[in-house]
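*Asks:* Provided below are the primary sequence and the corresponding predicted coordinates.
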Amino acid sequence: MIYLDNNATTAIDPEVARLVAEELLVGPSNPSSQHAIGRQANERLDDAIQRIGRALGCDLLQPGGERFVLTSGGTESNNLALMGLSSAEAPLIVSAVEHPSVLSVAEYAKQCGRTVEFLSVDSRGIVRLDELAERVDALKSTEAAPVVAVMSANNETGVIQPIPEVSAICRQAGAMLHVDATQTVGKLDISMDWYGADSISFAAHKFHGPPGVGGLLLGAGVSLRPLLHGGEQQLLSRPGTEPVALAVGMAKALEIAIDGLDQTQEYIAGLRDGLENGLLGQCPELVVHGRGAERLPGTSCISFPGADRQNMLMALDMASIACSSGSACSSGSSPPSHVLTAMGCEKSVIEAAIRFGFSRFSTIEDVQPAVERICRVYSRLRF
Ligand code: PLP
């Protein structure tokens, strides 16, 4: 099988898996327990969290500085940010191309009576900054600071958003900014400084870390209302016994990803370009989405005009190519991509879109066979 679905999830790095297994085998590990075993677990958790902070350019030991909340992944971090930054009545402005873990929270908040606005994007998938400025300005006088959510890079197209500009607009209007960086952390060089965000979310399984763990990094002085209620862990932001082994694994995976970032970016951009150029060479009618914008190096969203994406996916699976038709959460039922819809693509183009994602575990030897198989499947299925 040629695995080209690394935006859905990545294989755990064997070095990370070994570390997680070792940590699990240490014995009982509740960082809140008051005995020596608990204190040792707490030290290992603290160490892992500080290393995660360092890898993201923050010193989490600095009093009054940034703060980290350990979560179960991107979905939980996004829920926590949208529901917990600012007050329960605060207006929300979310971009139309966000992941379902943001959009569904916004829909839910709307049902609960909150003011919710959706920010449109241009044909490349980039948020309209003039519209954002107008919207935050109009909400300036509301009692609670509005919360804006704009993702750093899109999970379907890889298109990178101008977060520093988004952040400047939010700052000026006194709005809070949450950045869903689930597709970016471990893939691009980011830091809280660079983003100027109030919170950023991420998940370890996107950068060869263990599944089931992620984080929400909070800017200095940002407070958060919890979603869950229970014990006093994580300064009451997220109760529940922390999974020390997963935190240790996430720290290691992030360090490995950040250490090799430049080489990885160049390597996977080369693989992605090889795939796109190979496919376009044989089928010039293909549409590569977001090509005119800055994109994540390993992501490619391509429409195969005249083919149906579901049929393509099934046939590609039979041809031993693993890829997807958008976010993995939706590909079971596979409604047409809301991202391509927001970009103004025609229905026929949206119906024919497939997402490919590379990682540092992808090999150059996979590219040419993938091109051949994809072209063969396409020529069979197009009408
Ligand atoms: N946000 C984005 C941009 C994603 O791509 C994903 C997963 O695909 C998520 C959030 C949800 O992350 P998780 O599956 O870790 O909950």
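*Replies:* Noted; the coordinates are in hand.

*Asks:* following the helix-or-strand element of the chain with minimal mean pLDDT, which helix or strand shows up next?
*Replies:* Lowest on mean pLDDT, DSSP states H and E among the helices and strands of the chain sits helix 192-195, with a mean of 69. Once helix 192-195 ends, the next helix or strand along the chain (criterion: DSSP states H and E) is strand 199-203.

*Asks:* wait, does the next helix or strand after that next one contact the ligand?
*Replies:* Following strand 199-203 in sequence order, the next helix or strand is strand 214-218 (DSSP H and E). Yes: residues of strand 214-218 contacting the ligand under C-beta under 6 Å from any ligand atom: Gly214. The way it works is simple: take the backbone N, C-alpha and C, and place the C-beta from them, glycine included.

*Asks:* ditto for stretch 246-265
*Replies:* No: judged by C-beta under 6 Å from any ligand atom, stretch 246-265 stays clear of the ligand, getting no closer than 11.4 Å.

*Asks:* got the buried residues for that stretch?
*Replies:* By neighbour count on 16 or more other C-beta atoms under 10 Å, the buried set for stretch 246-265 is 246-258, 264-265.

*Asks:* Please apply the same query to stretch 235-245.
*Replies:* Ser237, Arg238, Glu242, Pro243, Val244, Ala245.

*Asks:* Okay, and which of those residues map to helices?
*Replies:* Val244, Ala245 (DSSP state H).

*Asks:* now the buried residues of stretch 235-245 as CSV including distance to Glu276?
*Replies:* Shown next, in CSV, are these (distance: C-beta to C-beta, whole Å):
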residue, distance to Glu276
Ser237, 42
Arg238, 40
Glu242, 42
Pro243, 38
Val244, 42
Ala245, 39
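
*Asks:* Out of the buried residues of stretch 235-245, the closest to Thr157 would be?
*Replies:* Arg238 (30.9 Å; C-beta to C-beta).

*Asks:* so what's the closest one up against?
*Replies:* The contact partners of Arg238, by C-beta atoms under 8 Å, 6 or more residues apart in numbering, come to Val69, Leu70, Thr71, Leu80, Pro226, Leu227, Leu228.

*Asks:* Would you list the buried entries among these?
*Replies:* By 16+ other C-beta under 10 Å, the contacts of Arg238 give Val69, Leu70, Thr71, Leu80, Pro226, Leu227 as buried.

*Asks:* Tabulate those in a markdown table, adding columns for secondary structure and distance to the ligand.
*Replies:* Shown next, in a markdown table, are the buried ones among the contacts of Arg238 (DSSP: H, G, I helix; E, B strand; the rest coil; distance: C-beta to the nearest ligand atom, whole Å):
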| residue | secondary structure | distance to the ligand |
| --- | --- | --- |
| Val69 | strand | 14 |
| Leu70 | strand | 13 |
| Thr71 | strand | 9 |
| Leu80 | helix | 12 |
| Pro226 | coil | 18 |
| Leu227 | coil | 14 |
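
*Asks:* Return the member of those residues nearest to Ile374.
*Replies:* Thr71 (35.9 Å).

*Asks:* Quick check, pLDDT for that closest one.
*Replies:* Per-residue pLDDT puts Thr71 at 98.

*Asks:* quick one: which of the contacts of Arg238 is nearest Asp5?
*Replies:* Of the contacts of Arg238, the one sitting nearest to Asp5 (C-beta to C-beta) turns out to be Thr71, at 23.0 Å.

*Asks:* who in the stretch 51-200 of the chain is up against the ligand?
*Replies:* Applying C-beta under 6 Å from any ligand atom, one finds that the stretch 51-200 of the chain approaches the ligand through Gly73, Gly74, Thr75, Asn78, His99, Ser101, Met151, Asn155, Asp180, Thr182, Gln183.

*Asks:* May I see these organised as TSV, with secondary structure added?
*Replies:* TSV is the format used below for these (DSSP: H, G, I helix; E, B strand; the rest coil):
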residue	secondary structure
Gly73	coil
Gly74	helix
Thr75	helix
Asn78	helix
His99	coil
Ser101	helix
Met151	coil
Asn155	coil
Asp180	strand
Thr182	coil
Gln183	coil
